[in-house]
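# Could you work out the structure for the sequence below:
(one chain, ligands or ions: 2)
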Amino acid sequence: MDAFISRKRRRISDQESDSKQVQAPETRNDTPDDDESTDFKLALLASLQPDHDEETLLEALLISEGSVKKACKVLNYKDPTVSPRKNAIGYQSSLSSFNIKRDRMGDSKARDKKLLTKKGRTLHLYSPEDIEKHTPCSIIHNFLPLEEANALLLELLKESPTFRRDTFKLFDRVVQSPHTMGFYVDTLDEAELHRTEYVYNGNYVEDVRQTLPEMRKVSVKVQATVNEEIQRRIRMHYPEGKKLKYQSPHPWKPNTAFVNCYDGGTESVGYHTDHLTYLGPHAVIGSLSLGVAREFRVRKIVPRDQNDGESNSTDKKIDESRADAEGQISIHLPHNSLLVMHAEMQEEWKHSIAPAQAIDPHPIAKNKRINITYRQFKDSLNPRLTPKCHCKVPTSLRCVQRSKENKGRYMWQCDVSYAPGKDGCSFFQWAEFDDDGEPPWVKKPQEEKARSV
Ligand SMILES: O=C(O)CCC(=O)C(=O)O
Ligand SMILES: [Fe+2]
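Ligands and ions are numbered 1, 2, ... in the order given. A predicted model of the protein is given here:
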């Protein structure tokens, strides 16, 4: 099979060099993909057409004489006598193919138009270019060498039957998360500290595990790529090419991982933002997907009118009431893809894994999807240092997202009432951070120096 694929690759490269020799420079500008290598074209085509295997993509490129646009058209051709499976990932049209059609119609500005999703509509994005342009995320397909991705998947599939459902209180009812999860830190000592000091939804977590060997190996690669992506994001997308206010200026170094398991299409996670309590403001998260491809949906948080209060919509707490306010964007996460949630994500957007009516079973994972979110817990936000509430429990950090007046401000508040069987208190305190996202109890080196003189 490999020899067969490399024969096809050779035939495409032959076509590429032939077409380069005869093409005038002006026409090359019109068809930029003719200048790219087969690997690049294949990767681009794979991101636009995530449902086809490598052989099919190569075949399409071959009969399209190396043109990605034509190959897309070939792959999108649907036999009118066959009806597509509804809601399986990959049958919706992507923004890229929409743009290609618009470009052909002469509307060259379409590509740069501000994307406006509409109430009640889902826009499906596949290509890394579209994703980074229209969401606070970037994606790297085929992130790990395949054997490494499969080894990691096997390591976590073995653990997954022991994962637990998160249990929390929602509107006075005890509910369980619609998927299972495990929590990992690097050493056994840290695991012990987490069990006794760190609070989530008003509760201490009993089950804290030590990072497994494959996870640890991959974490190093995730770290390197996420740091590159952060720098690229700053250069290409932030005002004046500068990091955001409150974003850390230091390299990102993950020290914890939440592993999620979605067993079948009905398992999901509702719209939420991730806890910032231990990550701090403008946190970056690296999220690796393995096994069954699923849809990661994101939507921008729409501020309420002045008089509306701030809702307590928090991590893993389902908040569908305004899900349709501005429409949503669906990012397709195939096996071995790394999604980077950038610094603006948690404060301004919500994310979810949508239930799927149909899934394509994965050869190793069958119906399961495994997701690892690598995160950096900051030493300066250790719960021994953060404010305690009247219940004497470390408080949670939240960002005001809805009320226009205080949008973007941070606050410490009591979360004990989210724990089943417990009542919380009314503790509230505005949270202050310096421009680099450090709390006031962290002394700057120059202040330390001044104190010691
Ligand atoms: O499964 C995913 O891709 C997302 C998981 C998630 O949002 C979380 O762990 O907070
Ligand atoms: Fe999340």
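
# A helix includes Asp274, no?
No - Asp274 is assigned coil when assessed by DSSP: H, G, I helix; E, B strand; the rest coil, not a helix.

# List the buried residues for the one helix or strand Cys72 maps to?
Element membership of Cys72 [criterion: DSSP states H and E] is helix 68-76. Buried residues in helix 68-76, defined by neighbour count with 16 or more other CB atoms under 10 Å: Val68, Lys69, Lys70, Ala71, Cys72, Val74, Leu75. Quick note: C-beta positions are derived from backbone N, CA and C, even for glycine.

# That helix packs against which elements?
helix 38-48, helix 54-63, helix 95-104 (3 or more CB pairs under 8 Å, 6 or more residues apart in numbering; DSSP states H and E).

# Can you show me the CA trace of the next helix or strand after the last one as CSV?
From helix 95-104 onward toward the C-terminus, using DSSP H and E, the following helix or strand is strand 122-125. Listed in CSV are the C-alpha atoms of strand 122-125, where the atom choice follows Å, rounded to 0.1, in the frame of the first residue of the first chain:
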residue,chain,number,x,y,z
THR,A,122,-23.6,26.6,12.6
LEU,A,123,-20.7,27.4,10.3
HIS,A,124,-18.4,24.5,9.7
LEU,A,125,-14.7,25.3,9.4
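
# Now do the same for whichever residue of the chain sits closest to ligand 1: helix, strand or coil?
Using CB to the nearest ligand atom, the closest approach of the chain to ligand 1 is made by Asn371 at 3.4 Å. Following three-state DSSP, the label given to Asn371 is strand.

# give the contact list for it.
Val259, Asn260, Cys261, Tyr262, Ser287, Leu288, Ser289, Leu290, Leu333, Ile353 (CB atoms under 8 Å, 6 or more residues apart in numbering).

# which of the residues you listed tops the neighbour count?
Most neighbours among those, by other CB atoms under 10 Å: Leu290, with 29 neighbours.

# so which strand or helix has that one?
strand 285-291.

# Show me what the helix or strand that that strand is followed by is packed up against.
Using DSSP H and E, the helix or strand that follows strand 285-291 in sequence is strand 294-300. Using 3+ CB pairs under 8 Å, 6+ apart, the elements in contact with strand 294-300 are strand 328-333, strand 349-353.

# would you turn those strands into CSV with mean pLDDT and distance to ligand 1?
Below are those laid out as CSV (pLDDT from 0 to 100; distance: least, CB to the nearest ligand atom, whole Å):
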stretch, mean pLDDT, distance to ligand 1
strand 328-333, 96, 6
strand 349-353, 96, 5
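
# So which residues on the stretch 201-350 of the chain come close to ligand 1?
Phe258, Asn260, Val269, Asp274, Ser287, Phe296 (CB under 6 Å from any ligand atom).

# change it to 5 Å
The stretch 201-350 of the chain comes close to ligand 1 at residues Phe258, Asn260, Asp274, as judged by CB under 5 Å from any ligand atom.

# Let me know the closest of those to Pro213.
Phe258 (18.3 Å; CB to CB).

# In a strand, that closest one, correct?
Yes - looking at Phe258 with three-state DSSP, it is inside a strand.

# Okay, and the beta partners of it?
Phe183, Thr373 (DSSP bridges).

# quick one, what contacts it?
So Phe258 contacts Met181, Gly182, Phe183, Tyr184, Ile372, Thr373, Arg375 (CB under 8 Å, 6+ apart).

# surely Glu229 meets Pro136?
No - using CB atoms under 8 Å, Glu229 is not in contact with Pro136; the gap is 11.6 Å.

# what is in contact with these two at once?
By CB under 8 Å, 6+ apart, the residues touching both Glu229 and Pro136 are His342.

# check contacts around the closest residue to Glu192 other than its chain neighbours.
Distances taken as CB to CB, 6 or more residues apart in numbering place Val208 nearest to Glu192, at 8.0 Å, with adjacent residues excluded. Shown in contact with Val208 (CB under 8 Å, 6+ apart): Phe183, Tyr184, Val185, Ala191, Glu192, His194, Arg195.

# Out of these, grab the one that's most surrounded.
Tyr184 (24 neighbours).

# Roughly how far does it sit from Thr122?
As judged by CB to CB, to the nearest Å, Tyr184 and Thr122 stand 32 Å apart.

# do the same with Ala356
13 Å.

# Tell me which of those two has more neighbours.
Neighbour count, other CB under 10 Å: between Ala356 and Thr122, Ala356 has more, with 21 against 16.

# sec struct for the nearest residue to the more buried one once chain neighbours are set aside, please.
Computed as CB to CB, 6+ apart, the closest residue to Ala356 that is not its neighbour in sequence is Gly265, at 3.7 Å. Gly265 carries the three-state label coil when classified by three-state DSSP.

# List the residues that contact Gly265.
Taking CB under 8 Å, 6+ apart as the test, what Gly265 contacts is Pro355, Ala356, Gln357, Ala358, Ile359, Asn367.

# redo that, cut-off 10 Å
Neighbour list for Gly265: Asn87, Ala88, Val292, Arg294, Ala354, Pro355, Ala356, Gln357, Ala358, Ile359, Asn367, Arg369 [criterion: CB atoms under 10 Å, 6 or more residues apart in numbering].

# I figured Gln376 was touching Leu276, is that so?
No - counting by CB atoms under 10 Å, Leu276 is not a contact partner of Gln376; they are 11.7 Å apart.

# what is in contact with these two at once?
By CB under 10 Å, 6+ apart, Gln376 and Leu276 have these common neighbours: Ala283.

# Report the inter-axis angle for the helix or strand that Val220 is a member of versus strand 285-291.
In the assignment (DSSP H and E), Val220 maps to helix 213-237. Put simply, helix 213-237 runs at 120 degrees to strand 285-291, going by axes from the mean of the first three to the mean of the last three CA atoms, to 10 degrees.
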